[in-house]
Structures are given as C-alpha cells and as structure tokens.
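>>> I would like to see how this sequence folds:
(one chain, ligands or ions: 2)
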Amino acid sequence: MSNNVKSILNDLEARNSGEPEFLQAVSEVLTSLEPVVERYPKYQEMKVLERLVEPERVIMFRVSWTDDNGEIQVNRGYRVQMNSAIGPYKGGLRFHPSVYLGLLKFLAFEQVIKNSLTTLPMGGAKGGADFDPKGKSDGEVRRFCQAFMTELYRHIGQFTDVPAGDIGVGGREIGFLFGQYKRIANQFTGVLTGKGLNWGGSEIRPEATGYGAVYFAQEMLATRAENLQGKTCLVSGSGNVAQYTVEKLIELGAKPLTMSDSDGFVHDPDGIDTEKLDFVMELKNVRRGRIREYAERFPGASFTPVKDEGFNPLWAIPADCAFPSATQNEINGADARSLVTNGVKLVAEGANMPTTPEGVDRFLEAKLLYGPGKAANAGGVAVSGLEMTQDIEHLSWTREQVDNKLRQIMHAIHTNVRAAAEEYNRPGDYVLGANIAGFVKVADAMVDESTV
Ligand code: NDP
Ligand code: 2IT
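Ligands and ions are numbered 1, 2, ... in the order given. I've put the predicted structure just below:
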C-alpha cells in the first residue's frame with residue numbers, strides 16, 4: 001500500500017474508530033485508487049481522497065412519536081450528506097434497529113461512487129433511523145414517518161437532497177414521508193423518489209434494483225458467451241431487491257432456489273416460480289409475515305433457521321449464480337469459499353457491501369464474474385434519477401421507455417467498469433473498475449470546483 005493511502009487510512013481509523021463498516025468501505029475503495037492517484041498528482045495536491053472520506057454535512061436529530069398505547073417513543077434520525085460534487089445529494093433512507101452513524105456513513109460513501117457510475121448527475125447521501133418497523137401498526141409507522149420528516153424537511157429539496165427507500169423503507173413509508181413534506185413545505189415537488197405512480201412516481205422504480213442486478217449479471221455472462229437460461233440461482237433477502245431479482249430471473253429462464261429473511265432461509269429445489277413469488281410478495285408486502293411460511297405453504301421447500309455458526313448454509317447450496325440481496329457482510333470468507341467450491345460462477349450484489357473483504361478476495365482469486373454492489377445494484381438509484389427528471393418535466397414515461405433506459409444504463413456501467421479495469425491492467429476486476437470509474441468523475445468535479 002502507498003504511504004499516502006496508508007496515512008489517510010490510519011488517520012481515518014483514529015478519527016472514526018467505532019465505525020467498522022465505514023472503515024471497511026473506504027479501505028476497499030482507497031486501495032483500488034492507488035494507481036489513479038499515482039498517475040494524476042492533482043488528486044493528491046487537491047487532497048481529494050481526504051475530502052472524499054469526510055461527509056460534507058451530517059444531520060442527527062431526535063424523532064419522538066407516540067405508539068398505539070399512547071406511550072412516547074424516542075428514536076435517532078440521521079442524514080449523511082456525503083458529496084455533492086456532481087449533483088444534488090441522493091440516496092436512500094434505512095429504518096432498522098442496527099442503524100447508527102457509521103453504518104450510514106458507509107452507505108453514503110458507497111452511494112457517492114455508485115451514483116457517479118450511473119452516468120446521471122447525482123451526489124451521494126444516506127439517512128435513516130434506528131426505528132424498527134417490524135411488528136409496528138400502520139398508524140405507528142405513519143406517526144414515526146411524520147415525526148421523522150418534521151425535522152428532515154428543512155435539510156432536503158428537489159435540487160438539494162432527494163431521499164428514497166432502503167431497508168425498512170418502501171412504498172408505504174415514502175407515501176407517509178412525502179405527504180408530510182408536502183404538508184409542511186406547501187410544495188408538490190420530486191423531493192423523494194420511489195413515489196406512487198399517480199403522485200409523481202416512475203414506472204419500474206420498485207423493480208429497478210433487482211432488474212438492474214440481473215441485467216448486470218447478463219452483461220457479465222455475455223463476456224463469456226453465456227446467459228441466464230437454465231442457471232440455478234441463490235438469492236438472499238425477501239424484500240424489495242430480492243423479490244424483483246427473482247421476478248427477472250424467472251422471466252429470463254433461470255431457476256431461483258432460495259430466499260431469506262433475518263430468521264433464516266427457504267430452499268426450494270423445484271425452483272421459485274411466478275406463483276410462489278406472488279405468495280412471497282403478498283406475504284412480505286401485505287401481511288408483513290416471515291419467510292418460513294413459504295416452506296409451510298410449499299412442502300417441497302425447506303426452511304433453515306439462522307444459527308451463528310460462522311457461516312451461512314444458504315451459500316453452501318450448489319448453484320451457478322448468487323445474488324446476495326439482504327444486507328451488508330452477509331457473505332464472509334467461509335461463505336465465499338463455499339460458493340466457489342460448489343460451482344458458483346457469478347455473483348451480482350443486489351445488497352450494499354454484502355461480502356466481507358476476505359470474501360471479496362476469494363471471489364477475485366477464483367476469477368469469478370463478481371459484480372460489486374456499487375455497480376450491480378446501481379439500477380435502483382439510476383431509475384430514481386429518471387424519476388427526478390420526469391418530475392421536473394411534469395410527465396411520465398412508459399414502462400418500456402424506463403426499462404429500456406435502465407438496460408442502457410446497466411450496459412453503460414458494465415462497459416465503463418470493464419474499461420477502467422483494463423486501463424489499470426486488471427482486466428475482469430469489477431471491484432477495481434467500479435471504484436476507479438466512479439471515483440474519477442467525482443474527483444475531477446472536486447478539482448474543478450475547488451471548494452477548498
Ligand atoms: P427490504 O427492507 O425490502 O428487505 C430487506 C431484506 O433483507 C429482508 O428480507 C430482511 O429480512 C433482510 N435483512 C435485512 N437486514 C438483515 C440482517 N441484518 N440480517 C439478515 N437479513 C436481513 O430492503 P431492500 O430489499 O430495499 O434492501 C436490501 C439490500 O439492498 C440492502 O443492502 C440495501 O441497502 C440494498 N439496496 C436497496 C436498494 C433499493 O432500491 N431498495 C437499492 C440498492 C441497494 P427481515 O425482514 O427479517 O429484516
Ligand atoms: O442503496 C441504494 O442505492 C438505494 N437504496 C437507492 C437510493 C435511491 O436514491 O434510489
């Protein structure tokens with residue numbers, strides 16, 4: 001490692017010691033960037049790396065709301081506005097009990113590079129709260145969302161910062177958040193994405209992350225003259241990203257075998273078909289139930305509960321492809337080894353940073369087609385960018401138009417990432433390629449704008 005990068009990372013560790021996910025994300029990216037910084041001294045002169053890892057602004061706030069028993073509850077809300085060099089801040093909101101500043105800084109940092117890769121003009125941000133929507137009534141979720149927006153509204157805007165969904169924030173929550181923003185600001189603008197179709201939303205936005213991850217997988221397979229037809233696929237998660245990954249895999253003739261939630265995973269050796277996916281969507285999006293019910297409804301399938309054994313047996317099921325679509329660090333070194341040993345040839349990350357650094361090394365050593373999240377899952381935020389454009393133009397594109405643009409964007413990301421990897425003598429290394437291709441655009445803007 002170069003002295004420059006080493007000293008930045010040491011400094012970062014000292015200043016952000018309780019934030020392991022942030023340090024993990026930054027360390028991977030900065031390591032990839034060494035050859036770029038060596039080639040272009042202007043980045044070092046302008047302290048671009050040092051500035052890149054410090055959020056432009058962090059907002060932390062109290063969210064107090066009243067539960068169904070009339071008791072007052074207090075949560076902590078956040079918005080990390082990481083970088084606005086190439087466009088307004090853009091990125092999702094996560095509602096999950098594990099949310100803390102370090103987690104959102106990692107997600108906001110990844111978002112900066114990802115948004116740059118989309119080819120659209122969007123800066124990077126992330127926000128959320130340590131609120132757990134599980135087991136909460138619609139009324140409780142609504143009151144929480146309203147309380148959250150009552151503070152957040154003053155920090156966002158269609159040309160300032162445009163939040164969207166992430167874990168625990170889907171169409172229902174975006175509705176409550178948007179309604180409250182509009183009520184306070186007295187403005188109907190595209191201040192959030194992932195909105196409903198009849199109030200400023202875009203076709204294909206709910207599908208975009210999952211569809212995009214599968215389009216990215218198609219692009220990777222095409223480099224080896226292969227396609228998804230007949231391929232067995234491991235999918236984790238059963239939320240927004242996992243559902244639409246499975247939908248697109250079925251449409252393309254692949255055979256998804258698994259889905260999961262934080263309780264465990266279901267394995268269906270016959271494959272998850274459209275009817276079974278409909279069941280999952282109703283289970284998760286309407287009844288808000290648990291994935292184990294899948295195995296009760298479809299007896300050919302089995303449910304394996306989560307155990308802390310140092311590995312996840314989901315990743316030990318023999319298959320051709322894997323689409324981790326639940327959460328960060330869900331594939332560790334042992335899991336990655338299982339995937340490689342059991343014949344997986346492609347990993348496309350729907351989730352953000354689902355693979356630990358040791359796992360990433362295993363994939364790169366094995367020369368898998370490995371698409372890291374910031375490239376493979378960029379379709380979600382890309383269609384958010386298209387939603388922003390439609391809102392500003394006051395019109396709606398058709399499903400076909402948006403889907404075509406999504407395909408074109410995933411193709412462009414794939415091309416640009418591969419080109420960057422080749423330019424820096426690491427052909428086929430999508431990690432290096434994504435980090436470099438995403439970085440250069442932001443870094444050049446930071447140099448041009450020189451807000452120093
Ligand atoms: P959802 O809330 O819709 O679904 C999340 C799924 O992951 C659920 O099945 C959930 O299970 C599971 N999960 C969440 N946390 C954990 C955990 N700690 N351990 C095990 N399982 C967990 O979220 P999304 O589908 O939107 O997000 C999934 C991933 O995709 C995240 O990494 C997110 O950052 C990323 N992503 C999302 C985008 C989007 O547009 N929504 C865009 C790009 C990336 P349970 O219900 O039990 O919690
Ligand atoms: O991680 C992500 O890219 C998202 N959660 C989507 C962000 C967005 O603004 O659509």
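
>>> all contacts plus neighbour counts: C-alpha atoms, from now on.
Fine.

>>> Please name the nearest non-neighbouring residue to the residue most central in space within the chain.
For the chain, residue 352 is the residue whose C-alpha lies nearest the centre (Cα atoms, centre = their mean; 4.3 Å). Distances taken as Cα to Cα, 6 or more residues apart in numbering place residue 373 nearest to residue 352, at 5.2 Å, with adjacent residues excluded.

>>> Surely that neighbour touches residue 360?
No: look at residue 373 against residue 360 with Cα atoms under 8 Å: they stay out of range, at 11.6 Å.

>>> quick one on the thing from earlier: the residue nearest to residue 352 and residue 123, how far apart?
17 Å (Cα to Cα, to the nearest Å).

>>> Where does pLDDT dip in the stretch 301-450 of the chain?
Nowhere does the stretch 301-450 of the chain drop to pLDDT under 70.

>>> Spell out which residues of it are next to ligand 2.
378, 380, 381, 384 (Cα under 6 Å from any ligand atom).

>>> out of those, which are inside helices?
Within those, residues falling in helices by DSSP state H are 378, 380, 381, 384.

>>> Go back to those and keep what's next to ligand 1.
Checking those against ligand 1 by Cα under 6 Å from any ligand atom, the ones in range are residue 380.

>>> which one of the ones in helices among the residues of the stretch 301-450 of the chain next to ligand 2 sits closest to ligand 2?
Set against ligand 2, the nearest of these by Cα to the nearest ligand atom is residue 381 (3.6 Å).

>>> gap between the closest one and residue 77?
From residue 381 to residue 77 the distance is 22 Å (Cα to Cα).

>>> re earlier: of the residues of the stretch 301-450 of the chain next to ligand 2, which is the most crowded?
Within these, most neighbours by other Cα atoms under 10 Å means residue 378, with 32 neighbours.

>>> packing partners for the lengthiest strand in the chain?
Assignment by DSSP state E gives strand 72-83 as the longest strand of the chain. Packing partners of strand 72-83 (3 or more Cα pairs under 8 Å, 6 or more residues apart in numbering; DSSP states H and E): strand 57-66, strand 89-95, helix 101-117, strand 124-129.

>>> before we move on, back to that, pretty sure the residue nearest to the centre of the chain sits against residue 327.
Yes: counting by Cα under 8 Å, residue 327 is a contact partner of residue 352 at 6.6 Å.

>>> show me where this protein has strands.
So, for the chain - with DSSP E - the strands run 57-66, 72-83, 89-95, 124-129, 161-164, 232-235, 255-256, 258-261, 264-267, 302-305, 321-323, 346-348, 369-371.

>>> and the last one, what does it pack onto?
For strand 369-371, the packing partners by 3+ Cα pairs under 8 Å, 6+ apart come out as helix 205-222, strand 346-348, helix 430-449.

>>> Then the third one?
Here strand 89-95 touches strand 72-83, helix 101-117, strand 124-129, strand 161-164, going by 3+ Cα pairs under 8 Å, 6+ apart.

>>> try it again with 7 Å
Helices and strands touching strand 89-95, by 3 or more Cα pairs under 7 Å, 6 or more residues apart in numbering; DSSP states H and E, are strand 124-129, strand 161-164.

>>> Tabulate those strands (CSV), appending distance to ligand 1 and mean neighbour count.
Formatted as CSV, the helices and strands packed on strand 89-95 follow (distance: least, Cα to the nearest ligand atom, whole Å; neighbours: other Cα atoms under 10 Å):
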stretch, distance to ligand 1, mean neighbour count
strand 124-129, 10, 30
strand 161-164, 8, 26
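
>>> With mean pLDDT and distance to ligand 2 as extra columns, can I get the ones you listed in CSV?
What follows is the helices and strands packed on strand 89-95, written out as CSV (pLDDT from 0 to 100; distance: least, Cα to the nearest ligand atom, whole Å):
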stretch, mean pLDDT, distance to ligand 2
strand 124-129, 99, 8
strand 161-164, 99, 5
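
>>> Tell me the confidence at the nearest residue in space to residue 403 that is not next to it in sequence?
Nearest residue to residue 403 in three dimensions, chain neighbours excluded: residue 204, at 6.6 Å (Cα to Cα, 6+ apart). The model reports residue 204 with a pLDDT of 98.

>>> Please save the CA atoms from stretch 257-268 in CSV.
The C-alpha trace of stretch 257-268 is given here as CSV (Å, rounded to 0.1, in the frame of the first residue of the first chain):
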residue,chain,number,x,y,z
LEU,A,257,-33.7,-21.7,-5.5
THR,A,258,-33.7,-19.6,-2.3
MET,A,259,-34.9,-16.5,-0.4
SER,A,260,-34.3,-15.5,3.1
ASP,A,261,-35.0,-13.0,5.9
SER,A,262,-33.3,-12.4,9.3
ASP,A,263,-34.9,-15.6,10.7
GLY,A,264,-33.4,-18.0,8.1
PHE,A,265,-33.8,-19.1,4.5
VAL,A,266,-36.1,-21.3,2.4
HIS,A,267,-34.6,-23.7,-0.2
ASP,A,268,-36.9,-24.8,-3.0
